[in-house]
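J.: here is the input, now give the coordinates:
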Amino acid sequence: MDKKAKQYYRIAAAVVLAAAVSFGAGAPQAKNTEQVRLVSNPLLPKDGVVTPKITELWSVGGENDPQGELLNRPFEIRVDKNGFVFVLDWGDTCIRVFDASGKFVRQIGRKGQGPGDFDIPCWFDLDAEGRVHVLDGRSLRITRFDRDGKYLASFRIEKFASQIRLDSSGRIFCAETSRGESELSTEFRKIQQTISIVRYDPDGKNPVRIGPFKADVIVMKTDAKGGVFSGSSPSAPTTGWSVAPDGRIWAGYNGTYEIGVFDPDGKPLFRFGREFKPLHNKGFDKITPENRKTTILPEDFPAFAQDFFFDDAGNAWFRMFKNEEDKNFRFDVFSPEGVYLKQIVVPFRIYRVLGDRMIGLVDSEEGFKVLKCYRFQ
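T.: Numbering: from 1, shown residues only. Next comes the predicted model:
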């Protein structure tokens, strides 16, 4: 980073303004409109763009895995304080657990309807004690296991929800999606969706709803028989959210680069972002002009992917969008105070960071999903 950029960063990062919570147009709106501070960051991070030196420590999956452990459709990954890696395998309807050296140790859950069984396990998370909480989307149920995979309890939630997060107190957070009212027809119509973050007590009681926040836009239409067709895009702008280990809720509409930080009751604490130059989505160019009116594929990618995560130091890692020909992944790293620290560039997607270790997924030449652990410096 040159001298001028460093000076700019020091000035911009120090800007802390009192402002109403009226996140820019299309950004999430909180019910509480108290004054909060704004942390402004420039385009360049404090410590610059970093390509760390990485060393592979172990690998799981793939045709030549000596353990014979093939991952079917790995979807979510968590790492506990002991370095054990938990992988939700959507294809095999279970959670597979590996120790800190990559050795398979147990499977949690299976397809079924009994206690501890899953129908469609959508998301999961770990609490501070390493207990596993699995959200079963179609059954509207959250199931809890101890860290050894023993079934403990389950409870139902009120509405269909996506994602699940837990804080250090064991409180459970989910996201409920609502669709804006719109009269459907046989022609595609764009419909704005919203999400509300719902906080439950550890026993699944006393739900508290926070939001709503602006989510993605879907297209819907009916057919001649009254059926409904809907479509969405994983690259459409939406609100990404997560819960930090200290219980603070981070939520940001990725159509702009601005994130709000709230207390567990939804009270705004501060907001932050950085200057952002949108990346053009080359997939949009392949859509014919007559179909662009109804497409939900954006012409430019949103600022960041919605599935950001926190490392054990409390820093937030935001994955940036990329076009297919770009083989590298970029992650913006922000401090717990919202200061833009660095951008990490690696040749694989990072799912979790614990100390000096990264857990990622790569595609083998044979098309298998391979779980890998790297040391970085």
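J.: going by C-alpha atoms from here, please, whenever you check contacts or count neighbours.
T.: Noted.
J.: so what's the closest residue in space to Lys190 that isn't next to it in sequence bridging to?
T.: In this structure, Lys190 finds its nearest non-sequential neighbour in Val219, 4.5 Å apart by C-alpha to C-alpha, 6 or more residues apart in numbering. According to DSSP bridges, Lys190, Gly231 are recorded as the beta-bridge partners of Val219.
J.: need the pLDDT of Val219.
T.: According to the prediction, Val219 has pLDDT 83.
J.: same thing with Arg144?
T.: 95.
J.: pass me the low-pLDDT residue ranges in the stretch 151-300 of the chain, would you?
T.: Residue ranges of the stretch 151-300 of the chain with pLDDT under 70: 180-184.
J.: just the strands in it please.
T.: 151-156, 161-166, 172-179, 189-200, 208-222, 228-231, 239-243, 249-253, 258-262, 268-274 (DSSP state E, counting those that start in this stretch).
J.: which helices and strands sit right next to the third one?
T.: The one in question is strand 172-179. Judged by 3 or more C-alpha pairs under 8 Å, 6 or more residues apart in numbering; DSSP states H and E, strand 172-179 is in contact with strand 161-166, strand 189-200.
J.: against which helices or strands is the last one packed?
T.: In this case it means strand 189-200. So strand 189-200, by 3+ C-alpha pairs under 8 Å, 6+ apart, packs with strand 172-179, strand 208-222.
J.: adding mean neighbour count, write these out as CSV.
T.: Formatted as CSV, the helices and strands packed on strand 189-200 follow (neighbours: other C-alpha atoms under 10 Å):
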stretch, mean neighbour count
strand 172-179, 21
strand 208-222, 20
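J.: dump the ones you listed into a markdown table; add distance to Phe270 as well.
T.: Listed next are these as a markdown table, based on distance: least, C-alpha to C-alpha, whole Å:
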| stretch | distance to Phe270 |
| --- | --- |
| strand 172-179 | 20 |
| strand 208-222 | 16 |
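J.: let me see the contact set for the residue nearest the centre of the chain.
T.: For the chain, Asp307 is the residue whose C-alpha lies nearest the centre (C-alpha atoms, centre = their mean; 1.5 Å). Asp307 is in contact with 240-242, 318-319, counting by C-alpha atoms under 8 Å, 6 or more residues apart in numbering.
J.: and for Arg179?
T.: With C-alpha under 8 Å, 6+ apart, Arg179 has these contacts: 191-194.
J.: ok, Leu126 touching Asp80?
T.: Yes. Leu126 is within contact range of Asp80, at 7.4 Å (criterion: C-alpha atoms under 8 Å).
J.: who has more neighbours, these two?
T.: Ranked by neighbour count (other C-alpha atoms under 10 Å), Leu126 and Asp80 place Leu126 first, with 24 against 20.
J.: ok, and the closest non-adjacent residue to that one?
T.: Val132 (4.8 Å).
J.: per-residue pLDDT of that neighbour, please?
T.: On the pLDDT scale, Val132 gets 95.
J.: list the helices and strands the host helix or strand of Arg330 packs on?
T.: According to DSSP states H and E, Arg330 maps onto strand 329-334. For strand 329-334, the helices and strands in contact under the criterion 3+ C-alpha pairs under 8 Å, 6+ apart are strand 316-319, strand 340-346.
J.: got a markdown table for the ones you listed, with mean neighbour count too?
T.: Output for the helices and strands packed on strand 329-334, formatted as a markdown table (neighbours: other C-alpha under 10 Å):
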| stretch | mean neighbour count |
| --- | --- |
| strand 316-319 | 24 |
| strand 340-346 | 20 |
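J.: which among these is found nearest to Leu57?
T.: strand 340-346 (15.6 Å; C-alpha to C-alpha).
J.: okay, the angle between the closest one and strand 268-274?
T.: With axes from the mean of the first three to the mean of the last three C-alpha atoms, to 10 degrees defining the directions, strand 340-346 sits at 50 degrees from strand 268-274.
J.: other residues contacting strand 340-346?
T.: 41, 45-52, 274, 328-335.
J.: 7 Å instead, please
T.: 41, 45-51, 328-335 (C-alpha atoms under 7 Å, 6 or more residues apart in numbering).
J.: list buried residues within those residues.
T.: 41, 45-46, 49, 329-334 (16 or more other C-alpha atoms under 10 Å).
J.: now for those residues, which pair is the farthest apart?
T.: Asn41 and Phe329 (21.2 Å).
J.: contact partners for the closest residue to Phe145 other than its chain neighbours?
T.: Ranked by C-alpha to C-alpha, 6+ apart and with sequence neighbours excluded, the top spatial neighbour of Phe145 is Tyr151, at 4.5 Å. Contact analysis of Tyr151 by C-alpha under 7 Å, 6+ apart lists 116, 144-145.
J.: name the member of the residues you listed with the most neighbours.
T.: Arg144 (23 neighbours).
J.: tell me which element that residue falls in.
T.: Applying DSSP H and E, one finds Arg144 within strand 141-145.
J.: list the helices and strands that strand packs on?
T.: strand 132-136, strand 151-156 (3 or more C-alpha pairs under 7 Å, 6 or more residues apart in numbering; DSSP states H and E).
J.: let's go with 10 Å and repeat that
T.: Contacts defined by 3 or more C-alpha pairs under 10 Å, 6 or more residues apart in numbering; DSSP states H and E place strand 141-145 against strand 121-126, strand 132-136, strand 151-156.
J.: just those: most buried one?
T.: For the helices and strands packed on strand 141-145, average neighbour numbers computed from mean count of other C-alpha atoms under 10 Å are highest in strand 132-136, which has a mean of 26.
J.: mind checking how far it is from the chain centre?
T.: Counting by C-alpha atoms, centre = their mean, to the nearest Å, strand 132-136 is centred 16 Å from the centre of its parent chain.
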